[in-house]
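Student: kindly return the folded structure for what I paste below:
(2 chains)
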Amino acid sequence: MPARAAAAGPRVAFPIERFQLGNGLRVVVSPDHAAPVVMVAVYYDVGFRSEPEGRTGFAHLFEHLMFEGSVHLEKLQHGRLVQGNGGEFNGSTAEDYTNYFEILPSGALELGLFLEADRMLGVRLDEETLANQIAVVKEEIRVNVLNRPYGGFPWIHLPPVLFRTYNNAHNGYGSFVDLEAATLDDAAGFFERYYAPANAVLAVAGDADPDRVQQLVERHFGAIPARPVPPRPDWWEPLPEEERRSVHVDPLAPAPAVAVGYRVPDPIDAMDEYVPTVVLAHLLAAGEASRLHQRLVKRDQVATHVSGSVSLFDSPFEVRDPTMLSLVAIHHEPVEVGAILAAADDEVVAAAERVEADELERVVNSMSSSYLRRIDNRMYRGLTCAVLEQQRGQAELLDELPARWAEVTPDQVSAAAERWLATPSRAVLEWRPASRP
Amino acid sequence: MSAESDAGPPVTVPAVAPSRRPRLPRVHDVVQDNGLRVLAVRRPGVPRAEMRLRVPLVRQGPADDGTRTRLLAETLLSGTPARSSFALAQDLQRLGADVMASADVETLVVSGSTLSATLGPFLGLVAEAVATATFPADEVLVERQRVAQELRIALSQPGTIAHHALVSRLYGRHPYGLPMPSPDKVSGTGPARLRRFHAERVAARGSTLVMVGDFDPARAVARVEEAFGAWLPGSPPVRLPAPGPPRRGPVLIVDRPGSVQGSIRLGGPAVDRSDPAYPTLAAATAVFGGYFASRLWANLRERRGYTYSPSAGVSQRPSASNLVVGADVATEVVGPALLETRYELGRMAESLVEGAELGEAVRYLSGGLALSWQTQAGLASQLSTLSAFGLGIDFLRDMPQALGRVSADDVLQAARRWLAPRQLTTVIVGQAEAIRAQVEALDDVEMAG
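Tutor: Numbers count the residues shown, from 1 in each chain, chains lettered A, B, ... in the order given. From the prediction side, this is the model:
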């Protein structure tokens, strides 16, 4: 038999330093000089859960606008300065954050900080730019959702089945009607409210000296005026009292699919209870060795694809309460959803009854190893530091997450299955090809 | 917005300091007795190791049409004399390892990674699957149904349909003209044919195994020898014949009922990274449409809002390469978007690049190359890809220098040779009738099917 990985799990030790500016901006730095590459990221504590009713998709639209010119930079200049100096940039909008980041040759560190500071100071907007980016976002939605099979499955369509409140349930990409209704006043108000320095975390990872970073951050961000941080609402809502179901017809899909969503503990305040649900999702449905793959794909031969994760984008430590564990299967045509669900329920009950120590160790080894692979990339390392600092004040979890997973016991995983999955309190989304009667 | 009013005095954009050049790591390069070439590089960072194994599949006998190669890759881990598929999956998971196999008509690529502490056992499992896979009948029957459905799903994606139409135009009956096998042929391929194909084609001679990670390279090479030493050399690989010249033809429209966009693709012949002219082609392609500040992005996206993510690049394969330009646009602007795309291509071929755009494009390409190998996984993939084109790690140092020598006149010559709109073939996937009238105003049209 192959040797086992050390029981304590693989360890890394990326240093973390932090400081805060007078205007409230929090900063974390994780230096590593092995390659002449540095990344800069800013996380704003606003995601699509925060956008107002009648403005679905606004947080993401606003992310686009942040690339269209800032106080001292014209449209297109941001991208040219990053890429034209050998770097790469992007931004993304999730449930609870909007982030902006660039990875650059280390000689461009100050440039990266200047670029982020300039748009934290203010964005330039006019009607033409707003109309242009509304059109671009509509094409993004067409290419990623409307023009492809399984578009938005399940991240757009499962939340409205599991959740009842607007903030948790609505489509974060937004409706075309709401996007077209967006105004410059909306943008100004959104920026004023959510893009305050004290509502952001800045991270620098890679080939940079922390003292030099502090000096440059003070130079470029120090003069940005402080503004109040908006209160962060509690999005919690009651769990479903019974199973909720919905059917979505997808004329482009060649095969039916199903997604099941379950509530989970608070990712931050109840982390000790939450971590076992994350491990459980892997044990049930991540990879070929997982229980549901073996059951549905290999044994029963009813499904061709199985996956499972916690949070909408499989980022369980980048989300606040409430979130969900989802199990997903694409299945063969005459197979009834009921047969898939019954088999999945069997496996949940089996996991609630017993999880073997050996199986758990395998799953955790695999999770830790994949995680280390991801943070070998300075870009993901910086992004992970920033969001852990923003949501938890614990950038150090960057190194500690594998140890947290390794502490989980078989009984805790079984208890998680019993408490959160062996229950009718869940959402079922059936995804049907149009050809199906 | 309010912020504009307090913009204050003009600010100087900070200058970029020269960055250290990344140091090329040393590559341990060994050929085993059975012909397997092993490249090993120490790259500390995280306590892990990355592996890429390329196995040429074109050897004695006719080239496959992609059916057996695809199914071979999908079932390579479905059993060995010592282990079932489930046991293999469990054992890999226990090590903290992952393995994935993929294949086109000419190459099987087995990619994987593991923790440094489990490198030896990991290589043992990979070698066991690669050299002794048994293709158990019950496993193959399940997997071929799964693969057939995956292919049907892939073939329902507009991007895949457009890719098929484009390479069919460019490569005709050459194996490159059919990028994916038909689901029905996959469903009809049995374990006996796979076993025979595996025995004949999955062999050490001509194969290259790259290892990058936090380990001692000499010991890693020794571990590869232990694991793969018994793998049979097999017959020598041969190259696919080069395809004939592409047929440009009228604009090909492929109907996809229910589409809300037209997926536009233009393509034509190109050269790969081993060609001395490649840096000029890469620079011209980048200026045209390779990144955010490029002409195609500025026009189609940032000026007109026609598309989210236009693209331009060179698809490189050992026997032939092609340029590919793409944009997915709302159905009602397919005609205007094609017109603007051809305008920007024509502008590249008719006039010199201006101002800062060449320097920016060159720095973008050089920087992107440096970023690509800052990780263990990125360096392993780069070395493996380079090996397929007869190149080594020096490319990572030489390419930026070659890019730095590209002149505006070189870009014009490259654009005339490879980007000129009249030599590119055009395919569009979408609602055919709605697209046809728009495109007929610009060019001849052929309806597919």
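
Student: please count neighbours and contacts with C-alpha atoms only from this point.
Tutor: OK.

Student: run through who's touching the longest helix along chain A.
Tutor: When every helix of chain A is counted residue by residue (DSSP state H), the longest turns out to be helix A:357-375. Residues outside helix A:357-375 that contact it (Cα atoms under 8 Å, 6 or more residues apart in numbering or on different chains) are A:5, A:9-10, A:279, A:282-283, A:380-381, A:402, A:405-406, A:409-410, B:46-48, B:90, B:93-98, B:114-115, B:377.

Student: show me the residues you listed that map onto strands.
Tutor: B:Arg48, B:Asp98, B:Thr114, B:Leu115 (DSSP state E).

Student: what mean pLDDT would you report for the longest helix of chain A?
Tutor: On average, the pLDDT along helix A:357-375 is 97.

Student: pull out the buried positions in it.
Tutor: Within helix A:357-375, the residues that count as buried by 16 or more other Cα atoms under 10 Å in any protein chain shown are A:359-370, A:372-375.

Student: that helix: how far from the chain's middle?
Tutor: From the chain centre to the centre of helix A:357-375 is a distance of 19 Å (Cα atoms, centre = their mean, to the nearest Å).

Student: now do stretch B:59-76
Tutor: On Cα atoms, centre = their mean, the centre of stretch B:59-76 falls 18 Å from the chain's centre.

Student: what does the stretch 251-400 of chain A have sitting close to chain B?
Tutor: A:251-255, A:288-289, A:294, A:297-298, A:301, A:304-305, A:361-363, A:365-370, A:372-373, A:376-377 (Cα under 8 Å from any Cα of the partner chain).

Student: the same query, at a cut-off of 6 Å, please.
Tutor: Proximity of the stretch 251-400 of chain A to chain B, by Cα under 6 Å from any Cα of the partner chain, involves residues A:Ala289, A:Thr304, A:Arg362, A:Asn365, A:Ser366, A:Ser369, A:Asp376, A:Asn377.

Student: nearest spatial neighbour of residue 108, skipping sequence neighbours?
Tutor: Looking at chain A here, since you left the chain open. Sequence neighbours aside, B:Val16 is the residue nearest to A:Ala108 in space, at 4.8 Å (criterion: Cα to Cα, 6 or more residues apart in numbering or on different chains).

Student: wrong chain, I was asking about chain B
Tutor: Spatial nearest neighbour of B:Leu108, chain neighbours left out: B:Val55 (5.0 Å); criterion: Cα to Cα, 6+ apart.

Student: again with B:Arg363
Tutor: That would be A:Gly86: by Cα to Cα, 6+ apart, it lies 4.8 Å from B:Arg363.

Student: same question, B:Gly120
Tutor: With Cα to Cα, 6+ apart, the residue lying closest to B:Gly120 is B:Arg223, at 5.9 Å.

Student: how many residues are close by B:Ala230?
Tutor: 14 (other Cα atoms under 10 Å in any protein chain shown).

Student: run a quick neighbour tally on the closest residue to it other than its chain neighbours.
Tutor: With sequence-adjacent residues excluded and distances taken as Cα to Cα, 6+ apart, B:Ala230 is closest to B:Asn34, at 7.9 Å. Around B:Asn34 there are 19 other residues, counting by other Cα under 10 Å.

Student: thinking B:Asn34 is in contact with B:Pro233, fair?
Tutor: Yes. With contacts counted by Cα atoms under 6 Å, B:Asn34 reaches B:Pro233, the gap being 4.8 Å.

Student: how is chain B carved up into domains?
Tutor: Segmentation of chain B into domains, based on automatic domain parsing, reads B:28-228, B:251-447.

Student: repeat for chain A
Tutor: Chain A breaks down by automatic domain parsing into domains covering A:17-221, A:244-433.

Student: circling back: what's the neighbour count on the residue nearest to B:Arg363?
Tutor: Neighbour count of A:Gly86, defined by other Cα under 10 Å: 24.

Student: next: A:Glu180.
Tutor: The burial count for A:Glu180: 14, using other Cα under 10 Å.

Student: likewise for B:Leu232?
Tutor: The number of residues packed near B:Leu232 is 17, by other Cα under 10 Å.

Student: for it, give me its contacts.
Tutor: B:Leu232 makes contact with B:Ala203 under the criterion Cα atoms under 6 Å, 6 or more residues apart in numbering or on different chains.

Student: one more pass at 7 Å, please.
Tutor: If a contact means Cα atoms under 7 Å, 6 or more residues apart in numbering or on different chains, then B:Leu232 has B:Asn34, B:Ala203, B:Ala204 as its contacts.

Student: cool, B:Ala137 as well?
Tutor: B:Pro191.

Student: got it, and the one 10 residues further on?
Tutor: Contacts were defined as Cα under 7 Å, 6+ apart; by that measure B:Val147 touches no other residue.

Student: which positions within the helix or strand containing it qualify as buried?
Tutor: Per DSSP states H and E, B:Val147 falls inside helix B:137-154. For helix B:137-154, a neighbour-count test (16+ other Cα under 10 Å) marks B:139-154 as buried.

Student: identify the farthest-apart pair in the residues you listed.
Tutor: Spatial extent of the buried residues of helix B:137-154 (Cα to Cα) is set by the pair B:Glu139 and B:Ala154 at 22.1 Å.

Student: so what's the residue count around B:Arg196?
Tutor: 10.

Student: no wait, B:Thr189
Tutor: Counted with other Cα under 10 Å, residues neighbouring B:Thr189 total 16.

Student: double-check that it belongs to a helix.
Tutor: No. Under DSSP: H, G, I helix; E, B strand; the rest coil, B:Thr189 sits outside any helix and is assigned coil.

Student: where does the nearest residue to B:Gly124 once chain neighbours are set aside land on pLDDT?
Tutor: What sits nearest to B:Gly124 in space, not counting adjacent residues and going by Cα to Cα, 6+ apart, is B:Ala227, at 5.0 Å. Looking at B:Ala227, its pLDDT stands at 98.

Student: so A:Asp321 sits right up against A:Val264, yeah?
Tutor: No. Using Cα atoms under 7 Å, A:Asp321 is not in contact with A:Val264; the gap is 8.6 Å.

Student: contact partners for residue 36?
Tutor: No chain in the question, so chain A it is. Counted by Cα under 7 Å, 6+ apart, A:Pro36 has contacts A:Pro105, A:Ser106, A:Asp207, B:Ser19, B:Arg20, B:Pro22.

Student: actually, chain B is the one I wanted.
Tutor: Contacts of B:Leu36 (Cα under 7 Å, 6+ apart): B:Ala204, B:Arg205, B:Gly206, B:Ser207, B:Thr208.

Student: the second one - nearest residue in space that isn't next to it in sequence?
Tutor: To tie it back to what came earlier, the one meant is B:Arg205. B:Gly35 (4.2 Å).

Student: ok, the residue nearest to A:Phe62 when sequence neighbours are not counted - how many residues close by?
Tutor: In space, and not counting its chain neighbours, A:Phe62 is closest to A:Ala187: 6.8 Å by Cα to Cα, 6+ apart. When neighbours are counted by other Cα under 10 Å, A:Ala187 registers 20.

Student: pLDDT score assigned to A:Ala187?
Tutor: For A:Ala187, the predicted pLDDT is 98.

Student: list phi and psi for it.
Tutor: Phi and psi for A:Ala187, reported as degrees, to the nearest 10, are phi -70, psi -40.

Student: look up how far B:Arg301 lies from it.
Tutor: Plainly put, A:Ala187 is 21 Å away from B:Arg301 if you go by Cα to Cα, to the nearest Å.

Student: same check on A:Asp314?
Tutor: 29 Å.

Student: for chain B, what helix or strand is lowest in average pLDDT?
Tutor: Counting by mean pLDDT, DSSP states H and E, the weakest-scoring helix or strand in chain B turns out to be helix B:2-5, with a mean of 38.
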